[in-house]
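Asks: sequence first, then the predicted structure, then my questions.
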Amino acid sequence: MIDSKQPVLEVTGIHKAFPGVKALSEAGLRLFPGEVHTLMGQNGAGKSTLIKVLTGVYQPDAGSIVLNGQAIQPRSTQDAQNLGISTVYQEVNLCPNLSVAENIFIGRYPRRFGMVDWRSMRTQAAALLERLEIHVDVSKPLADYPLAIQQMVAIARALNTDSRVLILDEPTSSLDEAEVQMLFSVLRRLREEGMAILFVTHFLDQTYAISDRITVMRNGEREGEYACADLSRLALVNKMIGAPADAEHATDAAAQGEAPEHGDVFLRARGIARKGVLSPVDLEIRRGELLGLAGLLGSGRTETARLLFGADKVDSGSFDIDGREVSFSNPRDAIAQGIGFCSEDRKHEGAILALSVRENLILALQARQGIFRAIPFKRQQQLATDYVKWLGIKTASIETPIGTLSGGNQQKVLLARWLATDPRLMILDEPTRGIDVRAKQEIMDYVSNLCRKGMSILFISSELPEVLRVSDRMVVMRDRKACGEYRRGDLDETSVLHVIAGETA
Amino acid sequence: MSAHTSGTTVKPAAQAAASRTAWLLHPLVRPIGALVALLLVDAFLVPGFFHLEVKEGHLYGAIIDILNRAAPLMLAALGMTLVIATRGIDISVGAVVALSGTVSAMLIGGSTPSTPMAVALAAALGVALLCGLWNGVLVAGIKLQPIVATLILMVAGRGLAQLLTDGQIVTVYYQPFFFLGSGYLAGLPFSLFVVAAVFAATLLLVKKTALGLFIQAVGINPVAARLAGLRTATLITFVYVFCSACAGVAGMLITSNIKSADANNAGLLLELDAILAVTLGGTSLAGGKFSLVGSMIGALIIQTLTSTIYSLGVPPEVNMVVKSIVVFVVCISQSSEFKNILRRSA
């Protein structure tokens, strides 16, 4: 029924090469009015590159983009927007210090007698948000609102331009379940209004909850276009990784086993708290143990991790390491005790984008060794080459700036940065956010392997099934408190969900 | 699949073409090109520009003169490079020059020094280090914006120097002190040896320790650098101390060269020339990657330009315009937009 209509956007034969890497070859896409179309693929499959070609960030080497029957060549994001392609990015690209209304109208302020018409701007902004069923004070700074609202503001801004095509690049990666539902109801409304929506995500559940059709990309090519109803999950994963999807099942089987015995307690946190951030939390991690930390966004998971790493200071409570009391006033103190921390915010708190893979990789080790004991260049190259091989990092060379790598590969480099320091405890905060199934699997396999060799891991993830699958023990957090602890064996998704949601089973 | 094979996806022909033009994209090509172009202009228009002669065992010539005159700026540019690499800026350089010059001149005093020269120079350097510490604490400790933090010393430093001298010019008569700024060693101006020594020390510090990597990391992403275990505050304080130390040495060279300390005019606007030298050398004001060699070349471009304009007999009122045009062209040629155009045509 959809196919009888004309596509509003048709992209064919897109080629795009970067130094040393062919990002897209024969990539394509069709978008029809009034549909939600999901773009799926692993990291490095070319999803982001294709989006950037559509929105004018990159110019393709070859290929055509036809919008409403006319060939277009967007030269910049502004250009793409003027043509009718609006984009909401994974990281919200708004100005937190400006008001909600200003953000929606930025660059297109309504004018009256040559002056900005603030009143009309506010009413129009409020009306736009009403359409999305968001009720906020539009004159307040954007930063006053949670990320989900900011995302809606970004969508409202996109809608304000009378676009026919809306691209959402991983909009749900920072949202909790309720917020995702809110987003989806907005998307459904827009779909009824005839908007063509391109949705990029890694979450299978969400794909099936909202999509009409799916385009799968693999190795920079269009693998195929499918009606959502005709494609089973297993088949979809198959098409994404290009191999039978049995990896997940293998680990699932392993998860059925009993919790293994672990060594002595490595780290014990007693009543650590920080005002307005975390209520007192007790935590204990044994040697060689993989402790999962589950809970919704804002439940105190990341906050706990930051205190354990000394990134923020505790107001009260204390730490024991190997039974001896220690205090952390900055990350260096924690690093000296053998703790490593992969932040959830890869771009701002992890990668140093303009530096090479090698430089990023040795940074923590070099910092711990001190400024005067420079790691010899040969040794740096060796370390980088080894980790690139061990973790399967896809990069043109170890001297390539890390910023040019795909998200999953950046994450692997950051993981390697800590592994190179030979840590006794790794804190992994959402290590698999925004990266594809295969890279996720590779990272988790590598990490649990290290666990078996005696390294402790604190694993934080919003994806409950993932936490359940890999953890030896799991602590559930809610409202900035630890509110439940489970050993492997007595874990099951429904009862944990009840704890997270704060209901009695 | 792996990192090693992914490179082969680029066609060999394209790769060969890329490597033929790759040197054009090297960050030092444009500063060096600008300097060579200036020298060519001089070679054709200024008679005897490259002429060198030995008089009384000293080497003389326009080139030597440019190098000698550029010495204070080269020193200031070295310090400024590291500050800019951390996303900072130090506009108090000129004031520190005045202050260190004043302190050294006052302590040495008349024809027989009231304080041993070594002590006087050490005191002047000490004052410069204190100035740097002040800047560093304001930026790294109190987290003032660098331009505001160093603006305080820019005003206060020169004021303090004038207070010390009661607004008078302090003249030095002690002969050995003049060696610093106008003496010769092995036929070359001694100031060149000072610059070479500071340059070599800085280069060693940056390349042989992890300082260079750390400064870049802090300049590009301070949050991530702290989480990776870097002492970001200490690093930032250090670069301001280092910058002031360079300015302090420059102040002594200038004072020795003019045989007096002029709290009003010594090193006036030197910070702006230093920032310009760093920019001309290809270091971005946004912080991160930096080039010490580039900044040295940048300083030489500025001094060569000044000398060229003088020797061509350009009227003083046109002087600034010519200088700004050259600077404009060099800066444009280094912009990323220009590089993109170059890359596309390559």
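Replies: Received it, and whenever you're ready, just let me know what you need.

Asks: so A:Ala439 sits in a strand?
Replies: No: with DSSP: H, G, I helix; E, B strand; the rest coil as the criterion, A:Ala439 is located in helix rather than a strand.

Asks: ok, it touching A:His202?
Replies: No: in this structure, A:Ala439 is not within contact of A:His202 by CB atoms under 8 Å, at 10.0 Å. All C-beta atoms are positioned from the backbone trio N, CA, C, and that covers glycine.

Asks: now whichever residue of the stretch 101-250 of chain B sits closest to chain A. Nearest residue, chain neighbours left out?
Replies: Closest approach between the stretch 101-250 of chain B and chain A, counting by CB to the nearest CB: B:Gly229, at 3.7 Å. Distance criterion CB to CB, 6 or more residues apart in numbering or on different chains; nearest residue to B:Gly229, sequence neighbours excluded, is A:Ala367 at 3.7 Å.

Asks: residue numbers of the stretch 151-300 of chain B in contact with chain A?
Replies: Residues of the stretch 151-300 of chain B lying close to chain A by CB under 8 Å from any CB of the partner chain are B:208-211, B:213-214, B:216-217, B:220-221, B:223-231, B:288-289.

Asks: only the buried subset of the residues you listed, as a ChimeraX command please.
Replies: Buried residues among those (16 or more other CB atoms under 10 Å in any protein chain shown), as a ChimeraX selection:
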select /B:209,210,211,213,214,216,217,220,221,223,224,225,226,227,228,229,230,231,288,289
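
Asks: helices along the stretch 401-505 of chain A, start to end?
Replies: Here the stretch 401-505 of chain A has its helices, by DSSP state H, counting those that start in this stretch, at A:407-419, A:437-452, A:464-470, A:493-501.

Asks: other SSEs contacting the shortest one?
Replies: Helices and strands in packing contact with helix A:464-470 are listed as helix A:247-255, strand A:290-294, helix A:437-452, helix A:493-501; criterion 3 or more CB pairs under 8 Å, 6 or more residues apart in numbering or on different chains; DSSP states H and E.

Asks: residues near A:Gly370, how many?
Replies: Using other CB atoms under 10 Å in any protein chain shown, A:Gly370 has 11 other residues around it.

Asks: so where do the helices sit in the stretch 201-346 of chain B?
Replies: Going by DSSP H, counting those that start in this stretch, the stretch 201-346 of chain B shows helices at B:211-220, B:222-227, B:232-258, B:270-280, B:292-311, B:316-334, B:336-345.

Asks: please disregard the earlier target; I meant the stretch 251-400 of chain A.
Replies: Going by DSSP H, counting those that start in this stretch, the stretch 251-400 of chain A shows helices at A:301-308, A:331-336, A:346-349, A:357-369, A:377-390.

Asks: buried stuff in the longest one?
Replies: Spelled out, it's helix A:377-390. By 16+ other CB under 10 Å, the buried positions in helix A:377-390 come out as A:380, A:383-385, A:387-388.

Asks: filter these down to the ones close to chain B.
Replies: Subset of the buried residues of helix A:377-390 in contact with chain B: A:Val388, counting by CB under 8 Å from any CB.

Asks: need the buried residues of helix A:377-390 in a markdown table with distance to B:Asp65, can you?
Replies: Listed next are the buried residues of helix A:377-390 as a markdown table, based on distance: CB to CB, whole Å:
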| residue | distance to B:Asp65 |
| --- | --- |
| A:Gln380 | 43 |
| A:Leu383 | 49 |
| A:Ala384 | 47 |
| A:Thr385 | 50 |
| A:Tyr387 | 53 |
| A:Val388 | 52 |
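
Asks: now stretch B:327-340: mean pLDDT?
Replies: Stretch B:327-340 shows a mean pLDDT of 76 in the predicted model.

Asks: give me the pLDDT for the nearest residue to A:Phe105 once chain neighbours are set aside.
Replies: Distance criterion CB to CB, 6+ apart; nearest residue to A:Phe105, sequence neighbours excluded, is A:Met121 at 5.2 Å. At A:Met121, the model reports a pLDDT of 88.

Asks: restricting to C-alpha, output the host helix or strand of A:Met121 in CSV.
Replies: Element membership of A:Met121, judged by DSSP states H and E, is helix A:118-131. This file holds the C-alpha atoms of helix A:118-131, laid out as CSV (Å, rounded to 0.1, in the frame of the first residue of the first chain):
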residue,chain,number,x,y,z
TRP,A,118,9.5,38.1,21.7
ARG,A,119,5.9,37.8,22.6
SER,A,120,4.9,36.2,19.4
MET,A,121,7.9,33.9,19.6
ARG,A,122,6.8,32.7,23.1
THR,A,123,3.2,32.1,22.0
GLN,A,124,4.3,30.2,18.9
ALA,A,125,6.9,28.2,20.8
ALA,A,126,4.3,27.2,23.4
ALA,A,127,1.8,26.3,20.7
LEU,A,128,4.4,24.1,18.9
LEU,A,129,5.2,22.3,22.1
GLU,A,130,1.5,21.9,22.9
ARG,A,131,1.2,20.1,19.6
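
Asks: least confident secondary structure element in chain B?
Replies: helix B:3-6 (a mean of 39; mean pLDDT, DSSP states H and E).

Asks: low-confidence regions, the stretch 1-150 of chain B specifically.
Replies: Counting by pLDDT under 70, the stretch 1-150 of chain B contains low-confidence ranges at B:1-22, B:110-111.

Asks: strands of that one, start to end?
Replies: Assigned by DSSP state E, counting those that start in this stretch, the strands in the stretch 1-150 of chain B fall at B:53-55, B:58-60.

Asks: surely A:Leu291 is in contact with A:Arg473?
Replies: Yes: under the criterion of CB under 8 Å, A:Leu291 makes contact with A:Arg473 at 5.3 Å.

Asks: show me which of these two is the more surrounded one.
Replies: A direct count of neighbours by other CB under 10 Å for A:Leu291 and A:Arg473 places A:Leu291 higher, at 24 against 18.
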